[in-house]
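In: Quick one, what's the 3D model for this:
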Amino acid sequence: SKSTFDGEEGPEIVRDIFKGIPKYAKPVIASLFCGVVSLFVPQVLFFGYETLNGLFLNSNIFSTEYLIVLLAAKLMTTAVSASSGLVGGTFAPSLFLG
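Out: Residues are numbered from 1 along each chain as shown. Below is the predicted model of the structure:
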């Protein structure tokens, strides 16, 4: 959460690390994190409308295991992005996350 990125919460080692990072660098770190996650789960970069439409149409384009991975990845990247100060909405990801 934002307080973790600000170095106010979490284990002491995490607080020390994040307190030492300049404020302008935190969105860069979050962007890199989201980029690395998107190499493995590319759907985290998009709003989720196509994924939802595919699920509603029963096209079976995703396995249940992949959907669980996608849910966890989308939740993590949305939380990291929002707490780091990246500009972006949370409405569309919330539709996907439920």
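
In: From now on I want contacts and neighbour counts done on CA atoms only, so please keep to that.
Out: Noted.

In: Can you list the buried residues in stretch 30-45?
Out: For stretch 30-45, the neighbour count (16 or more other Cα atoms under 10 Å) marks A30, S31, C34, G35, V37, S38, V41, Q43, V44, L45 as buried.

In: Distance check, the second one against T64.
Out: Okay, so that is S31. S31 sits 27 Å away from T64, going by Cα to Cα, to the nearest Å.

In: again, but for the fifth one
Out: V37 sits 19 Å away from T64 when distances are taken as Cα to Cα.

In: Then Q43?
Out: Using Cα to Cα, one obtains 15 Å as the distance from Q43 to T64.

In: Can you tell me the element V37 falls in?
Out: V37 belongs to helix 26-40 when elements are defined using DSSP states H and E.

In: Likewise for S83?
Out: S83 belongs to helix 64-84 when assigned by DSSP H and E.

In: Give me the helices and strands touching that helix, please.
Out: Applying 3 or more Cα pairs under 8 Å, 6 or more residues apart in numbering; DSSP states H and E, we find helix 64-84 packed against helix 2-5, helix 26-40, helix 91-97.

In: rank these by pLDDT, which is bottom?
Out: Out of the helices and strands packed on helix 64-84, helix 91-97 stands lowest, with a mean of 59 (criterion: mean pLDDT).
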